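Colleague: task: produce atomic coordinates for the following.
(chains A and B)
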Amino acid sequence: MPQQSADFERKKGLAVLLSFVMLAMTAGYAFFATEFLQQLVSIDKQAFYLRVSMMFIPGLIAAPIFLMSIYIMLRRHFGNLPEQHFTLWVRVSLVLLALAFMMRILLGFWLPSYVAANGFTQCSKLENPSPFASQVWVRQPQYCHELSYLVNVEVLEWFDEQQALGTKPSVEEVTAQIEFFIDTQKRQDH
Amino acid sequence: MKTLHDIQRTNQIRMQAQQNQQKEALAKALAANSHTLFVMNDAEFLELALNIKRQQGMQQAQINAWMKQLALQNPALGQLWEQYNERVKMFMSAIPVTADAAALAVLAKDLSKSGNLLTKYQIKTYHGRTYVIVKGYPALRPHLTGTRYLASHPKVVSMGIGKMDAAKAIKGGFILSLVLSVGFHAVDQLLNDQKTWHDFVGGVAADVIYAGAASAIALGFLSIIAGGYATLIVGPLLIVVAVGVLATTLFLLIDEHVQLGRHISQMLSDAQNQIESDIMRAEMKSKRLKTKWNEDTLTFLHELFAVPKWSLQ
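Modeller: Numbering: from 1, shown residues only, chains lettered A, B, ... in the order given. Reported below is the predicted structural model:
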């Protein structure tokens, strides 16, 4: 095992801080993955849209790495970390990473066709313009307005509200609402 | 025989050399990871184009011929060039805002073909004004400071990110995520025409912040895992890189709800509106003062120097 260095005490604080960060990251992936799986299970009940990310489930698979890393960091700085535990951490983590990577590839093939088969249409105009962003699939193709990217947050929040209230507006009402959001945004810009 | 003083002195020199090395590494890392976006209006861009051609050794007649040739592709560019020439002849400082995006696109395309200076650029219209966004290169900087407009009115948004002592793998990942991010937002702009340069800069800035935070986590984790080991074998290093990637992904997924890029974009837009309205107010004020001066110079001077105006009548 490594010798204790001069800044060992300082690293103790960093280990505690990173433990909290990794705990939060585990909770984040667990939350997003649970929410996503719930949506997939009740896909017929999604009246407006579905947020599809290929990273939720691989993230959940890889999340135990964070928990194991917390153990490694704390045990190493606040106790004595056996060599076997370190080796086991590396091996299990690499296996989990390989599994997560394979799952990501499989989901890339399967998820879009599954969601499309359930009557959804992908709407890139409602997606966040960043790498790794979730795909947004809408129940009706008319919900994907050409200028939706200007008001994607407002539109998705409105969809969430309607879903929570259980209202069932017609396609015309939904498109009118989207156009209203777009007009309001344009007026604000000019 | 070495005395205690000698040993201390040697240690001091060694530490000094180490610090110097670290400083050099930091300077290098900062230079390597530095990205600069230049946002300029149509007048500034025309000046920049002319400056590039002058630096390349073109005479005025050659520049005229070059512009005329380009004007065949887009007549609006020809009109802009005529207006520019008129203004120069009359010793006026600013070109009226008449250039459209297509005219500037012709100019930018030609510059990207010849000088290799503008390999990445975008042209956006916002509030009826045309802006050019150029991703900066050191070769471009002398030209930017060499133009009349840019030297006096710089609108430069710089983002410098550097990491010292970073494992090569993490450094690579960090740079890669930046390049992807810039490309991603550029494509987003091209596909969604009503998005503005604020969205572009805001989006890239948000990604840079997330990538920086994720890199900090990965670097901290690396220092804890690697501490005490002379060399780190591949397995733990892969895990550290994976932690960085997973952190970035999680941040970007959370951003779908937080919308940091959009907030930054809104802030930029508000700041621009504020500056424009301030300039307008200042112009109106100066016009009012000019009118006052013309109408009654004596009263104006009395008011200016707070000298009481008495009458003996």
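Colleague: please make it C-alpha for all contacts and neighbour counts, starting now.
Modeller: OK.
Colleague: report the buried residues of the strand or helix carrying A:Trp110.
Modeller: In the assignment (DSSP states H and E), A:Trp110 maps to helix A:83-117. Of all the residues in helix A:83-117, those buried under the rule 16 or more other Cα atoms under 10 Å in any protein chain shown are A:86, A:89-90, A:93-94, A:96-97, A:100-101, A:103-104, A:107, A:112, A:115.
Colleague: what of stretch B:59-78?
Modeller: By 16+ other Cα under 10 Å, the buried positions in stretch B:59-78 come out as B:67-68, B:70-71, B:74, B:76-78.
Colleague: average pLDDT for that stretch?
Modeller: Stretch B:59-78 carries an average pLDDT of 79.
Colleague: next: stretch A:133-153.
Modeller: On average, the pLDDT along stretch A:133-153 is 84.
Colleague: again with stretch A:77-87
Modeller: 82.
Colleague: got the end-to-end distance for that stretch?
Modeller: 17 Å (Cα to Cα, to the nearest Å).
Colleague: now the helices for chain A?
Modeller: A:8-41, A:56-78, A:83-117, A:152-165, A:171-189 (DSSP state H).
Colleague: starting at the chain centroid, how far to the third one?
Modeller: Think helix A:83-117. Distance, stretch centre to chain centre, for helix A:83-117: 15 Å (Cα atoms, centre = their mean, to the nearest Å).
Colleague: how close does B:Phe300 sit to B:Lys309?
Modeller: Following Cα to Cα, the distance that separates B:Phe300 from B:Lys309 is 11 Å.
Colleague: what sits closest to B:Ala242 if chain neighbours are left out?
Modeller: Distances taken as Cα to Cα, 6 or more residues apart in numbering or on different chains place A:Leu97 nearest to B:Ala242, at 7.7 Å, with adjacent residues excluded.
Colleague: so what pLDDT did that neighbour get?
Modeller: pLDDT for A:Leu97: 92.
Colleague: isn't A:Phe48 right next to A:Gln163, touching?
Modeller: Yes: here A:Phe48 reaches A:Gln163: they are 7.4 Å apart, a contact under Cα atoms under 8 Å.
Colleague: these two - which one has more neighbours?
Modeller: A:Phe48 (20 against 16; other Cα atoms under 10 Å in any protein chain shown).
Colleague: phi and psi next, for the more buried one.
Modeller: The phi/psi pair for A:Phe48 (degrees, to the nearest 10) reads phi -120, psi -60.
Colleague: which ones are touching it?
Modeller: Listed by Cα atoms under 8 Å, 6 or more residues apart in numbering or on different chains, the contact partners of A:Phe48 are A:138-140, A:159, A:163.
Colleague: with distance to B:Ala61 as added columns, please give those residues in TSV.
Modeller: Shown next, in TSV, are the contacts of A:Phe48 (distance: Cα to Cα, whole Å):
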residue	distance to B:Ala61
A:Val138	58
A:Arg139	62
A:Gln140	60
A:Phe159	61
A:Gln163	67
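Colleague: rewinding a little: out of B:Phe300 and B:Lys309, which sits in the busier spot?
Modeller: Neighbours per residue, other Cα under 10 Å: of B:Phe300 and B:Lys309, the larger number sits with B:Phe300, 17 against 9.
Colleague: what's the separation between the more buried one and B:Arg281?
Modeller: The gap separating B:Phe300 from B:Arg281 is 20 Å, by Cα to Cα.
Colleague: and A:Leu147, by the same measure?
Modeller: Counting by Cα to Cα - A:Leu147 and B:Arg281 are separated by 34 Å.
Colleague: more neighbours, these two?
Modeller: Of the pair A:Leu147 and B:Arg281, A:Leu147 is the one with more neighbours under other Cα under 10 Å, namely 17 against 12.
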